[in-house]
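**Q** got a structure for you, letters missing:
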């Protein structure tokens with residue numbers, strides 16, 4: 001996860017160096033964010049499942 005954050009930071013620094021970012025650069029940033037979110041969800045799958053199970057149990061009559 002830390003590697004993804006470092007990569008995102010490097011891309012953002014590169015974007016700031018230039019006057020305007022192209023659609024390709026924005027697409028890379030969006031793709032990187034999607035990969036980071038997917039990695040976080042996969043890593044925390046058990047905790048997320050437990051949380052939704054607890055919510056379902058709490059609201060089910």
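**A** Now that the structure is in, tell me what you want to look at. On a predicted model such as this, the values are computed, not experimentally measured, just so you know.
**Q** Need the mean per-residue confidence for stretch 6-20.
**A** When pLDDT is averaged along stretch 6-20, the result is 73.
**Q** average model confidence for stretch 45-58?
**A** Averaged across stretch 45-58, the pLDDT comes to 94.
**Q** residues in contact with that stretch?
**A** Outside stretch 45-58, the residues that touch it by CB atoms under 8 Å, 6 or more residues apart in numbering are residue 41. To be clear about C-beta, it is placed using only N, CA and C from the backbone, and glycine gets the same treatment.
**Q** quick one: the helices in this protein?
**A** Defined through DSSP state H, the helices belonging to the chain, from first to last, are 2-17, 23-43, 45-59.
**Q** Okay, the residue nearest to the spatial centre of the chain and residue 5: tell me how far apart.
**A** The residue lying closest to the centre of the chain (CA atoms, centre = their mean) is residue 37, at 2.6 Å. In this structure, residue 37 lies at 12 Å from residue 5, with CB to CB, to the nearest Å as the measure.
**Q** List the contacts of the most far-flung residue of the chain relative to its centre.
**A** Distance from the C-alpha centroid of the chain, by CA atoms, centre = their mean, peaks at residue 61 (34.9 Å). Taking CB under 8 Å, 6+ apart as the contact definition, residue 61 lies against nothing.
**Q** now residue 5
**A** Residues residue 36 are the ones in contact with residue 5 under the rule CB under 8 Å, 6+ apart.
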